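Novice: Sharing a model prediction with you, sequence too.
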Amino acid sequence: MSDIKQQIFQELSTLEDIATRLRSTAVNAGRQTDLEVAILTEQVKSLRERNSRATEMINQSISILKKLK
């Protein structure tokens, strides 16, 4: 009977270790995702600023060309 109890406790300990590793993996994956989102957000912000500047330059160019006509 004590052999069965010992085996049950060993299996429970193994399951606890696995659960701990899974929690750690989930936390790390969440942090990685947060980092990726932050990087992508900055890239989108930068692209929007560039697009805005390019639009202004195009509008100025069109205005200059119209005046030259």
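Specialist: Perfect, thanks for sending it. Since the structure is predicted, the reported quantities are computational estimates derived from the model, not experimental observations.

Novice: Average pLDDT for whichever helix or strand residue 9 is part of, rounded please.
Specialist: Residue 9 is located in helix 2-68, with elements delineated by DSSP states H and E. Helix 2-68 shows a mean pLDDT of 93 in the predicted model.

Novice: Relative to residue 16, how far out is residue 23?
Specialist: According to C-beta to C-beta, to the nearest Å, residue 23 stands 11 Å off from residue 16. Bear in mind the C-beta positions are built from the backbone N, C-alpha and C, glycine included.

Novice: One more: residue 8?
Specialist: When distances are taken as C-beta to C-beta, residue 8 and residue 16 turn out to be 13 Å apart.

Novice: and if you look at residue 63?
Specialist: With the distance defined as C-beta to C-beta, residue 63 ends up 71 Å from residue 16.

Novice: What is the burial count for residue 1?
Specialist: Neighbour count of residue 1, defined by other C-beta atoms under 10 Å: 5.

Novice: Then the one 3 residues further on?
Specialist: Residue 4 is surrounded by 8 other residues when neighbours are defined as other C-beta under 10 Å.

Novice: Check residue 68 too.
Specialist: 6.

Novice: Over to residue 54?
Specialist: Residue 54 has 10 neighbours, counted by other C-beta under 10 Å.

Novice: Quick check: it vs residue 27, distance?
Specialist: For residue 54, the distance to residue 27 equals 41 Å [C-beta to C-beta].
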